[in-house]
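S.K.: how would this look folded up:
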Amino acid sequence: MSKGCQTQGPLSELEKSIDVIIDVFHQYSRREGDKDTLTRKELKLLIEKQLVNYLKHVKNQVSIDQIFKDLDTNKDEQLSFGEVMLLIIRVTVATHEHLHFCEDRLHHQQHPQQQQHPQQHQQHQHNH
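M.R.: Have a look, this model is predicted:
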């Protein structure tokens, strides 16, 4: 057996999430063309089925063609896993910021007289 190919113990939540990202990528990459890259059609389907809610939080949504062109850093007209991860990173960061925006707005609505000081914001707990 190849070293490193077997799981050493129970997966953490983050490790499970990484596995899910890889599995979802392959669900779409295997549909047409190269089995380990996404075509425009596969990317469109992945976005429509897997990112429909979180992409609502991204401002200035652009066309699938523009997203594809932006992600295709080596300009080979297909998206590798690494190139698709750029989209996952951007959506994850934007969603994180959106959640903080919603939390801050809710806090402000509940306590309108309290002014947040920069120190309080830095100590903000992540209660997602």
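
S.K.: Check what pLDDT residue 19 gets.
M.R.: As predicted, residue 19 sits at a pLDDT of 97.

S.K.: What sits closest to it if chain neighbours are left out?
M.R.: residue 11 (6.9 Å; Cβ to Cβ, 6 or more residues apart in numbering). In this view, the C-beta of every residue, glycine as well, is placed from N, C-alpha and C.

S.K.: same deal with residue 40?
M.R.: Closest to residue 40 by Cβ to Cβ, 6+ apart is residue 68, at 5.1 Å.

S.K.: cool, residue 62 as well?
M.R.: residue 70 (8.0 Å).

S.K.: tell me what the host helix or strand of that neighbour is packed against?
M.R.: If you go by DSSP states H and E, residue 70 is part of helix 64-71. Contact here means 3 or more Cβ pairs under 8 Å, 6 or more residues apart in numbering; DSSP states H and E; on that basis helix 64-71 packs against helix 40-50, helix 81-110.
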